[in-house]
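1. prediction below, plus the sequence it came from.
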Amino acid sequence: MRFVWSFVFISAGFLLLFYPQIEKEAADTKQEKLIQTFKQLGDANEYEEQEPSIEVQENQKQIELLEGARGIIHIPKIDLEMLIFEGAGKAPLKKGTGMIEPDKEFGINNVGIAGHRSTTFGKQFNRLDELSHNDEIIVETKTGTYEFVIVQKFVVDRSEVEVLNDQKEPFLTLVTCTPIGKKNPTDRLIVQAKLKNKSGK
């Protein structure tokens, strides 16, 4: 009996120890599937004309999860690739990053992108503080690919929303809570980048 309880406690300890990594891998796998669906998304009629196979049903589920998706953000330096959804509420930020003002346009306005941070290394905007001047950020949408270079990184109070104001040139403003791990932090880490290049599709 003592052996059984020892085994249970050891197993529980390992589970608690590795749970954050398991959770991250599951979230990464889900994100990769959504990104692939977004990249391959064609005419919705294509699926309607097919027989409702398991593969087609799975594709339709992925398409439903993509509701509100506007593009994909790539940040090579921190190995980040995530979907961008309209809005910055709980629903879009649960699926990926959120476009704070969905009426703005990449390559024209100062587009604000919000993302969560958590204690799991590498999750969402966790590593945003590692970015520095001239690091690259790429945004891929259905209409084009936009390359930005970082020009500044700073911290503001959450009330200082003027960081989202349009500039004289197209900008990208990444926003996340700071410091990481603090409950209900009032500060926001801001990373701003200006448009370097745009390629159409």
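-> Noted; the coordinates are in hand. Numbering: from 1, shown residues only.

2. what's the helix or strand for the residue lying closest to residue 87 once chain neighbours are set aside?
-> Excluding its sequence neighbours, the residue lying closest to residue 87 (Cβ to Cβ, 6 or more residues apart in numbering) is residue 98, at 5.4 Å. For glycine as for every other residue, the C-beta is placed from the backbone atoms N, C-alpha and C. Following DSSP states H and E, one finds residue 98 within strand 97-99.

3. heading C-terminal from that strand, find the next helix or strand.
-> Following strand 97-99 in sequence, per DSSP H and E, is strand 110-114.

4. which other residues reach the next helix or strand after that following strand?
-> Next in sequence after strand 110-114, counting helices and strands by DSSP H and E, comes strand 136-140. Strand 136-140 is contacted from outside by 71-77, 84, 106, 145-150, 172, 174, 193, 196, using Cβ atoms under 8 Å, 6 or more residues apart in numbering.

5. quick one: mean pLDDT over strand 136-140.
-> Averaged across strand 136-140, the pLDDT comes to 97.

6. given it, what are its sheet partners and their directions?
-> Sheet pairing for strand 136-140, assigned by DSSP bridges, gives strand 69-75 (antiparallel), strand 144-157 (antiparallel).
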